[in-house]
Structures are given as C-alpha cells and as structure tokens.
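Colleague: Compute the structure for the input listed below.
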Amino acid sequence: MFQLIWILLIGFVLGLLAKLLLRGPQAIPWWLTMLLGAAGAWLGNAVSGWIGVRHTSGIDWIRHLLQLGFAMLLIGWAAPAWSR
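Modeller: Coordinates of the predicted model:
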C-alpha cells in the first residue's frame, strides 16, 4: 500500500514539474496530472534500464531526466486532447 502512495506522490510531483516546464496552459485535472506523471516515471525507468543507466553510483540524473521528459511528453500530448 505504501508503494502505491509513493508512486502516486512521485507522479504528482513529476506531473507538476512537467506542467511548469511546458509552454502554455495545460487545462487537465490534478488526477490526470498525477497519473501521467506516474506513467512518465514508469516509462523513464524502463528506458533507462534498457539503455543501461538505471542504477549508477550516486544520483541517477539520466534516469530522472528521462522520467521528466516522458512526463512532459505525455502531458503535452494529453492536454490538447483533454480540452476538446
């Protein structure tokens, strides 16, 4: 149960960061921001494992940038679709 709460919390933070970095308004609800941020984190983890940078000594900057990038991609794709 705690892991699910942690995933949703990280998804919400990633979603908010992605919305801040994207240009223009993203008129999507908070729950969709959270789910898309969590999906971006999952995709970022998968790609970082695929390219071999998931676990490094120190902070995994590449993995975190991939997570944020995928969250931005998903929110940038979903915001115009949601507003229609």
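
Colleague: From one end of stretch 49-68 to the other, what's the distance?
Modeller: Using C-alpha to C-alpha, to the nearest Å, the end-to-end distance of stretch 49-68 comes to 15 Å.

Colleague: in the protein, which spans are helices?
Modeller: 2-21, 30-51, 61-83 (DSSP state H).

Colleague: what angle do the first one and helix 61-83 make?
Modeller: Interaxial angle of helix 2-21 relative to helix 61-83 (axes from the mean of the first three to the mean of the last three C-alpha atoms, to 10 degrees): 70 degrees.

Colleague: ok, now the second one?
Modeller: Following the same axes, to 10 degrees, one obtains 140 degrees for the angle between helix 30-51 and helix 61-83.

Colleague: which parts of helix 30-51 are buried?
Modeller: Neighbour counts over helix 30-51 (16 or more other C-beta atoms under 10 Å) mark 32-41, 43-45, 47-48 as buried. All C-beta spots, glycine's among them, are computed from the backbone N, C-alpha and C.

Colleague: Ok, the first one next?
Modeller: Across helix 2-21, burial judged by 16+ other C-beta under 10 Å covers Ile10, Gly11, Phe12, Val13, Leu14, Gly15, Leu16, Leu17, Ala18, Lys19.

Colleague: again with the last one
Modeller: Of the residues in helix 61-83, those buried by neighbour count under the rule 16+ other C-beta under 10 Å are 62-63, 66-76, 78-79.

Colleague: For it, name the packing helices and strands.
Modeller: If contacts are counted by 3 or more C-beta pairs under 8 Å, 6 or more residues apart in numbering; DSSP states H and E, helix 61-83 sits against helix 2-21, helix 30-51.

Colleague: how about those in JSON lines, adding distance to Arg84 and mean pLDDT?
Modeller: Formatted as JSON lines, these follow (distance: least, C-beta to C-beta, whole Å; pLDDT from 0 to 100):
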{"stretch": "helix 2-21", "distance to Arg84": "18", "mean pLDDT": "92"}
{"stretch": "helix 30-51", "distance to Arg84": "14", "mean pLDDT": "94"}
